[in-house]
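Enquirer: My questions are about this predicted structure, shown below with the sequence.
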Amino acid sequence: MSGQRKALIIANDEYEQEALRNLLAPGADAEALGRVLGDPHIGDFAVQVVRNEPSHVIQGQIEDLFSESRPDDVLLLHFSGHGLKSESGELFFAASNTRPNRLGSTAVAADFVQRCMRDARSRSIVLLLDCCYGGAFPQGATVRVAGDVHVLDSFPQGRSGGRGRAVITASNAMEYAFEGDRLADDQHQRPSVFTSALVEGLATGDADRDEDGLVSLNELYDYVFDKVREQNPHQTPSRQVELEGELYLARSRRRRIRPAPIPPDLQAAITDQNMYARRGAVHELQSRLGSEDLPVAAGAYEALAGLARTDIRFVADPAAAALGQAAVRPEETELHFGAQRQGSDPPHRTVRLLGPPIARACAPRVSDEWIRVNETTEGFDISVDTTGTGTLRGSVDLKGPTGEAVIAVDVELLDQAEQGSQDAGEATVAAPPILELSSSALDFGSIRAGSRPKPGRVKMRNLGGGDLHARIASAPAWIEAQLTGETLILKAEPKAPGSLLGDVVIDSDGGSAAIRITANHVADQAQPRARAFSVLRSKGTYSPIYRPAARVRRAAAVIVAILGRWLRRPRAQYYGLLCLIGLAIGIGFTNEAMIYQREFYHSSAEEVVLISIAVFGYVVALIMLIRFGLARRARRRNSPP
């Protein structure tokens, strides 16, 4: 049975004694660290926060944490506040009721914490100490012990009773100073660099140095050490570790996807001197890029990046196009939450990620703490903290193995109305709705009589608050308009030929908007052969199978004219002409199939169709050849001597 993960966060920033200055950082530290450790996607700890409590309450919570533990439990104790030194050199942690001249009875002794850790059954214990001050003395007291207070000396090694533990402190030595009845440290109003580095390393996943998806204790210490030294060169975090193996404190979204090797035959095609072979390899790599197996997709991405960077344009252009399809693409790049009432329930928006699985394997990073991101099966659920006020702007950065993307986030948090709040209760402040359409024009192109063109879709969005209550005000007679949720579906059903123009008007509580609709209705009798050639040419840009078909179709007009003359000739010549036509079809489609094989490296359904048409042409040619021979033979028998 796996053990539990428990975290106790003790923060003290308000003190009864004036000798202990109030701090600004511990309260924010406790909230931020508790949120990260309690996140099921990161720390997954059962977190308990004890803030500004007297010493006996803190001692009881510490003793409960350790005495009720089991061998497989992971215990974490974090202390943020004043660290005090007695006249005999003992270390104490200040509580809200701590008196500097009565540390033994009003503060939490480091020796007490040491005994609780030693008696605990848990084999995995982590102690994090973020003490802003090293010593405090009663007014007029003389410093009897010179030098610094070394925190780790209060938690010596070799006394853990065989149980693994680790102690990480904000600094190597806790300096102390005394001026009259106050502590003389000028750093008390600055945010805690140590705890901020802890929270940042766990929340962003940057502490996961090897990118294996897990943050170990050693990785976290290395990250915090570098961050603290970067911001304050005079502060040196220290550690004391007695753990067997690695202790993992959190999960990370920075899991590295290690590319799988390319198969030997595909690798040979990538390095082949024949450019057609390399271009065919691009098509195969593109199919591997869409694989559900992320290492396989990552290997294909690396190979395509190399071809796009170093090969000729004939090969590099399709490789670059394949890479573009695997870029990180959120469905929305801007999230406007509009006006929200302060303290209201946080609004949520779900942003889907587009593209193959490798493109969706990205990790989010928020620019500000008021932006909250949770991973879902569809993408990311993004919400905002409504406790603040004013207009807030930030972003969510998405970083994955195939690139990066940014989602801009903004919200306006409004204060509650002061007048009438007592009588009417909590007033709801809502901004007026604002209607916005994804497109203001829609062109159906040429519509053949009797055909059913693909419906057009226009999305509506509310940039303000409240509900839009959108409705269709007017539409042309040849347009069928229908509202489905936030999508407007438009179907063109023209009756008479000619150019068509009209406006679809949408009314809503957030204003009105119009969509200009254009189309060209073509009758069946208008140049049917030219339309057929146009369709074939347009289709030929999408699939190689239509290129030879278009050529044959364009030659059909010439053949029909020739047949007009040959149909009056003897039957043998008619069969001979059809034999030549079948032979031409077979040779033409065979050539197209060979080109397709060279370009795309492997067989496909389209190539099978090409070969089938070629075989059909050869069969027709063979049958007509036999009929031609029989007709010639009959003609000779029937001719007079």
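Expert: Everything's here; your move.
Enquirer: count of residues packed around Gly324?
Expert: If you count neighbours by other C-beta atoms under 10 Å, Gly324 ends up with 13. Where you see a C-beta, it was placed from the backbone N, CA and C, and this is true even at glycine.
Enquirer: For my notes, confirm it occurs in a strand.
Expert: No - applying DSSP: H, G, I helix; E, B strand; the rest coil, one finds Gly324 to be helix, outside a strand.
Enquirer: Next one: it from Lys399, what distance?
Expert: 17 Å (C-beta to C-beta, to the nearest Å).
Enquirer: Sheet partners, orientation included, of the host helix or strand of Ile447?
Expert: Assigned by DSSP states H and E, Ile447 belongs to strand 441-448. Using DSSP bridges, strand 441-448 pairs in its sheet with strand 511-522 (parallel).
Enquirer: Flag every buried residue along stretch 203-213.
Expert: Applying a neighbour-count criterion of 16 or more other C-beta atoms under 10 Å, one finds Ala203, Thr204, Gly205, Asp206, Ala207, Asp208, Arg209 buried in stretch 203-213.
Enquirer: and the residues you listed, which of them are in strands?
Expert: Applying DSSP state E to the buried residues of stretch 203-213, no entry is found in strands.
Enquirer: Can I get those in CSV including distance to Leu307?
Expert: Shown next, in CSV, are these (distance: C-beta to C-beta, whole Å):
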residue, distance to Leu307
Ala203, 38
Thr204, 33
Gly205, 31
Asp206, 32
Ala207, 36
Asp208, 31
Arg209, 31
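Enquirer: Just the strands from the stretch 351-500 of the chain, written as ranges.
Expert: Remark: strands assigned in the stretch 351-500 of the chain by DSSP state E, counting those that start in this stretch are 363-366, 371-375, 379-384, 390-400, 403-414, 435-437, 441-448, 456-462, 471-474, 479-484, 487-492, 498-508.
Enquirer: and those strands, which one's lowest on average pLDDT?
Expert: When these are compared on mean pLDDT, strand 441-448 scores lowest, with a mean of 78.
Enquirer: tell me which residues in that one are buried?
Expert: Buried, per 16+ other C-beta under 10 Å, within strand 441-448: Leu442, Phe444, Ile447, Arg448.
Enquirer: Name the nearest of those residues relative to Lys227.
Expert: Nearest to Lys227, judged by C-beta to C-beta, of the buried residues of strand 441-448 is Leu442 at 53.1 Å.
Enquirer: Write down the beta-bridge partners of the closest one, one by one.
Expert: Ile517.
Enquirer: likewise the one 5 residues further on?
Expert: Beta-bridge partners for Ile447, by DSSP bridges, are His521.
Enquirer: Test my guess that it contacts Ile517.
Expert: No - using C-beta atoms under 8 Å, Ile447 is not in contact with Ile517, being 11.7 Å away.
Enquirer: hey, what's in contact with both of the two?
Expert: Here Ile447 and Ile517 have Ala492 as joint contacts, going by C-beta atoms under 8 Å, 6 or more residues apart in numbering.
Enquirer: returning to that earlier point: okay if I get the buried residues of stretch 203-213 as CSV plus pLDDT and distance to Leu625?
Expert: Output for the buried residues of stretch 203-213, formatted as CSV (pLDDT from 0 to 100; distance: C-beta to C-beta, whole Å):
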residue, pLDDT, distance to Leu625
Ala203, 82, 78
Thr204, 80, 75
Gly205, 82, 73
Asp206, 83, 76
Ala207, 85, 78
Asp208, 85, 73
Arg209, 82, 75
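Enquirer: hmm, which two among those are most spread apart?
Expert: Top of the distance list for these (C-beta to C-beta): Ala203 and Arg209, 15.6 Å.
Enquirer: Can you get me a residue count around the spatially closest residue to Cys362 that is not a sequence neighbour?
Expert: Setting aside the residues directly before and after it, Cys362 is nearest to Gly400 in space (C-beta to C-beta, 6 or more residues apart in numbering), at 3.0 Å. Applying other C-beta under 10 Å, we find 21 residues neighbouring Gly400.
Enquirer: ok, what's across the strand from Gly400?
Expert: Gly403.
Enquirer: ok, it - contacts?
Expert: Gly400 neighbours (C-beta under 8 Å, 6+ apart): Val328, Ile358, Ala359, Arg360, Ala361, Cys362, Ala363.
Enquirer: was I right about the fourth one contacting Glu331?
Expert: Which is Arg360. No - contact criterion C-beta under 8 Å: Arg360 and Glu331 do not qualify, at 11.0 Å.
Enquirer: Please identify every residue contacting each of the two.
Expert: In contact with both Arg360 and Glu331: Leu353, Leu354, Gly379, using C-beta under 8 Å, 6+ apart.
Enquirer: Would you list the buried entries among the residues you listed?
Expert: Leu353, Gly379.
Enquirer: Tell me the one among the shared contacts of Arg360 and Glu331 nearest to Arg256.
Expert: Leu353 (18.7 Å).
Enquirer: That closest one and Ser383, how far apart?
Expert: 17 Å.
Enquirer: What of Gly306?
Expert: 40 Å.
Enquirer: Can you pick out the residue with more neighbours from these two?
Expert: Between Gly306 and Ser383, counted using other C-beta under 10 Å, the more crowded position is Ser383 (20 against 13).
Enquirer: how near is the more buried one to Glu436?
Expert: From Ser383 over to Glu436 (counting by C-beta to C-beta), the distance is 22 Å.
Enquirer: what number of residues lie near Gly355?
Expert: 18.
Enquirer: Which residue, neighbours along the chain excluded, lies closest to it?
Expert: In space, Gly355 is closest to Arg329, 5.3 Å off (C-beta to C-beta, 6+ apart).
Enquirer: What is the burial count for that neighbour?
Expert: By other C-beta under 10 Å, 18 other residues sit near Arg329.
Enquirer: Now stretch 55-64 - C-alpha only, CSV.
Expert: Only the C-alpha atoms of stretch 55-64 are listed here, as CSV (Å, rounded to 0.1, in the frame of the first residue of the first chain):
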residue,chain,number,x,y,z
SER,A,55,3.7,28.4,20.0
HIS,A,56,1.6,25.7,21.7
VAL,A,57,-0.6,25.3,18.6
ILE,A,58,2.3,25.1,16.2
GLN,A,59,4.0,22.5,18.4
GLY,A,60,0.8,20.4,18.5
GLN,A,61,0.5,20.5,14.7
ILE,A,62,4.2,19.5,14.2
GLU,A,63,3.9,16.7,16.7
ASP,A,64,0.7,15.4,15.0
